[in-house]
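Novice: Generate a structure from the sequence data that follows.
(one chain, ligands or ions: 3)
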Amino acid sequence: MSLLIKNGRIITATDAYVADILVEGETIRAIGKDLSLHADETIDATGLLVFPGGIDPHVHLDMPFMGTFSSDTHETGTRAALHGGTTTVIDFVLQKQGHSLKDALADWNSRARGTAVGDYSFHMAVTDFNENTRAEIKHMIENEGITSFKTFMAYKGALMIDDRQMVALMQEVKKQGGMVTVHATNGDVIDYLVAKHRAEGKLAPLYHYLSQPEMTEAEASGRFADMADYTGCPAYIVHLTCEGALNAVRNATRRNQKLFVETCIQYLILDASLYEDDFEGAKWVMSPPLREKKDQTTLWAGINQGLVQVVATDHCPFMWEQKLMGKDDFSKIPNGHPAIENRLELLYSEGVHTGKITLNKYVEVACTNPAKIFGLFPKKGTIAVGSDADLVLFDPTEKHTISAKTHHMNVDYSAYEGWEITGKVKTVLLRGKVVIDNGNCLVEKGYGKFIKRNKVSGTI
Ligand code: URP
Ligand code: ZN
Ligand code: ZN
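Specialist: Ligands and ions are numbered 1, 2, ... in the order given. Prediction:
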């Protein structure tokens, strides 16, 4: 099958121009002005922007967490991602403490294989680093195509590792050609503040926020950066939210170290005032919590300064019923919020449409940098001859309203209910096939492929 996309305005991380794209099979074969090549099908993209398929490198699908499972499966989550223009996601496999990485991977494969609708890859979360785990790192990188290793400096007693394990893991991962990523908040201080608030009978969602002050993130981000610098390991901080943490990174970059930063769409556009409304605030209970308006300003600036390279989601949805597990105690509210479907449209509307970032920066942080950082480029993340034909045809003028009534995520509320936004995903191609056309998904579960990733260099 061949397909010609005519007259779209092609946007990459560096260019913007009107041209045609010829797709053959799963791949982009030619790009040029007024291509007069035969194709089995033609799509007229006049007036539309053509982006590379979005890459969301931070999602939690069907993940056992805080006594329940995140409510999107690999099927529903990747389908919703496609509706929102995200063609590839990187999901997290969680090692169980006392068990192997291989067992964890087998567990995730049993849920994801044959069910995903969009393409996906895995990070491996190392929650117990010991001599057995050390021996598995090379296998993960060389045989499984899993080249990034997630660590938690918080969630004490469940996922957190200590600094001794962190440094040892970094040394091994560096040796084998991978990257260490981190949830950087100080787990001990948070644990203390959670216990203190509970003992004082302060049990509303607001106290989730007050148990994770900016200092906990700034301190851990700086500590992580120092350990990464010492070991020389390529490193990546997930879901960075605030000024203090970004300043720690700013200092680290003076050493020219290989340290990347991701923020998430919610930290750019939502703030902690959402926790003031009694239990309703549970919809936004996530870790780290939403911050202040001044942090949003810092993060937008960080994107434009090149200090923040990626905008992801940390998509980790829970039904309202699941959030109610914490109705009498904020520490029992499953942490996370749904956004996999909304990221690209929100970032366009709130970032490009308002003039905060350019179209090229948009593609850079939502598509190209995640692909480069995590070893998917140039197969994914750009529009180029030889790349996978993962493409989004986007109407930059269409206005619409976000609602749980119309979204495709398996969650019964929207964190952005009633938001009126500008810019809409119209058509999505994944590996040469039209998968979304005007709100309809045209492929079944199982269309999504597991993508093995390359070793990472720590440079982009
Ligand atoms: O609240 C969050 N972020 N839930 C998912 C797990 C994590 O920390 O990323
Ligand atoms: Zn996290
Ligand atoms: Zn996460």
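Novice: ok, for the residue most central in space within the chain, nearest residue in space, not its chain neighbours?
Specialist: Note on the chain: the residue nearest the mean C-alpha position is residue 58, at 2.8 Å, using CA atoms, centre = their mean. Spatial nearest neighbour of residue 58, excluding adjacent residues (CB to CB, 6 or more residues apart in numbering): residue 312 at 3.8 Å. C-beta: built from backbone N, CA, C; applies to glycine.
Novice: what's residue 351 in contact with, if anything?
Specialist: By CB atoms under 8 Å, 6 or more residues apart in numbering, the contact set of residue 351 is 268, 300, 357, 361-362.
Novice: All the helices of the stretch 351-460 of the chain, residue numbers only.
Specialist: 359-363, 369-373 (DSSP state H, counting those that start in this stretch).
Novice: To residue 145, which of these lies closest?
Specialist: helix 369-373 (14.1 Å; CB to CB).
Novice: hang on, the earlier thing: return the member of the contacts of residue 351 nearest to ligand 1.
Specialist: Nearest to ligand 1 out of these is residue 268 (CB to the nearest ligand atom; 15.3 Å).
Novice: touching ligand 1 at all, the helix or strand where the closest one lies?
Specialist: Element membership of residue 268, judged by DSSP states H and E, is helix 265-269. No. Judged by CB under 6 Å from any ligand atom, helix 265-269 stays clear of ligand 1, getting no closer than 9.7 Å.
Novice: as a whole number, average confidence for that helix?
Specialist: Average pLDDT, helix 265-269: 99.
Novice: How about the closest residue to ligand 1 within the stretch 1-150 of the chain, nearest residue that isn't a chain neighbour?
Specialist: For the stretch 1-150 of the chain, the residue closest to ligand 1 is residue 60, as judged by CB to the nearest ligand atom, at 5.2 Å. What sits nearest to residue 60 in space, not counting adjacent residues and going by CB to CB, 6+ apart, is residue 316, at 4.0 Å.
Novice: try residue 289
Specialist: residue 209 (4.3 Å).
Novice: Mind telling me which residue of the stretch 301-450 of the chain is nearest ligand 1?
Specialist: Nearest to ligand 1, among the residues of the stretch 301-450 of the chain, is residue 335, at 3.2 Å (CB to the nearest ligand atom).
Novice: Could you pull up the contacting residues of that residue?
Specialist: Residue 335 neighbours (CB under 8 Å, 6+ apart): 65-66, 285-287, 316.
Novice: Can you give me the pLDDT of it?
Specialist: Confidence score, pLDDT, at residue 335: 98.
Novice: quick one: it and residue 194, what's the gap?
Specialist: 12 Å (CB to CB, to the nearest Å).
Novice: buried sites along stretch 356-365?
Specialist: Under the neighbour-count criterion of 16 or more other CB atoms under 10 Å, stretch 356-365 has 356-357, 359-365 buried.
Novice: tell me the contacts of residue 415?
Specialist: Applying CB under 8 Å, 6+ apart to residue 415 gives the contacts 266, 270, 283-284, 337-339, 342.
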